[in-house]
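Asker: generate coordinates for the sequence data below:
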Amino acid sequence: MKKNMLLALAAFTASTSAFAHPGHGLESGFAAGLMHPLTGWDHLLVMVALGIWAARRPAAQGWQLPVLFVSVMALAASAAMTWLPVSLAEALVAASVVIMGVLLISPLQMPRALQISVISIAAAAHGYVHGMEIGNQWSGLAGMVLATAMLHALGWVLGRQTHPQLQKATQLLGGVMLGLGAMWMLA
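Answerer: Model (predicted):
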C-alpha cells in the first residue's frame with residue numbers, strides 16, 4: 001500500500017498539467033462542467049480535503065461545510081458568468097489549497113464562525129474562477145456543482161475511515177497540498 005501511495009504521489013506531483021486551471025479538452029456544456037473539477041488539481045484537492053476535514057468535525061456541524069461550499073461556489077460562479085473578472089480570485093484559489101493542506105495536517109480547532117468564513121471565501125474564489133472559465137454555460141455550472149458535491153462525498157467517506165494508514169495518507173496529502181498551493185501562489 002505504501003508503494004502505491006508513493007507512486008500515486010510521484011505521478012501527481014510530477015504531472016505537467018498540475019496547474020490550477022489547465023485546459024480540460026471540453027468546450028462547454030454539462031460534461032465540461034462535470035469534468036472541470038475532476039481534472040483541475042486545485043479543485044480536486046480542495047474538494048476531497050474539505051470532505052475529509054468536514055467528516056472529522058462534530059457530526060452536527062461537519063455536513064454543513066460541504067453544503068456551504070457548494071452553495072457559495074455556485075453563487076460566485078453565477079456572478080462570474082455575468083460580471084467582470086476579479087484578479088484576486090486565482091490567488092485565493094491557490095491559498096485555499098494551502099489552507100486545506102494545513103487543516104489536514106494539524107489538529108487545529110477553529111471557531112465555527114472562522115470555519116464558515118474560510119470555507120465561504122474559498123468557495124467564492126473557486127466558484128468565481130471556474131465560472132469565468134465555464135462562461136455563460138449554465139449546464140456547465142450544473143455539471144461543476146455535481147462533480148464538486150461528489151468530490152466532497154468522496155472526501156467525507158475517506159475522512160470517516162479510522163485505519164492508521166489512511167490517517168498517515170491524509171497527513172501526506174496535506175503536506176503535498178501545502179507545497180503545491182505555495183508553488184501556485186508564487187507562480
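Asker: what is the helix or strand where Ile121 lies packed up against?
Answerer: Ile121 belongs to helix 112-134 when elements are defined using DSSP states H and E. Packing contacts for helix 112-134, counted by 3 or more C-beta pairs under 8 Å, 6 or more residues apart in numbering; DSSP states H and E, involve helix 30-39, helix 41-55, helix 64-80, helix 88-105, helix 138-159. (C-beta placed from N, C-alpha, C; glycine too.)
Asker: closest one to Ala182 among the ones you listed?
Answerer: Closest approach to Ala182 among the helices and strands packed on helix 112-134 (C-beta to C-beta): helix 88-105, 6.0 Å.
Asker: just the helices and strands packed on helix 112-134: most buried one?
Answerer: helix 41-55 (a mean of 25; mean count of other C-beta atoms under 10 Å).
Asker: can I get that one as CSV, trimmed to CA atoms?
Answerer: This file holds the C-alpha atoms of helix 41-55, laid out as CSV (Å, rounded to 0.1, in the frame of the first residue of the first chain):
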residue,chain,number,x,y,z
TRP,A,41,-5.8,19.9,-9.5
ASP,A,42,-6.8,22.8,-7.3
HIS,A,43,-10.4,21.9,-7.3
LEU,A,44,-9.9,18.2,-6.9
LEU,A,45,-7.5,18.6,-4.0
VAL,A,46,-9.6,21.2,-2.1
MET,A,47,-12.9,19.3,-2.6
VAL,A,48,-11.6,16.0,-1.3
ALA,A,49,-9.7,17.7,1.5
LEU,A,50,-12.8,19.6,2.6
GLY,A,51,-14.8,16.4,2.6
ILE,A,52,-12.1,14.7,4.8
TRP,A,53,-11.8,17.6,7.1
ALA,A,54,-15.6,18.1,7.4
ALA,A,55,-16.1,14.4,8.2
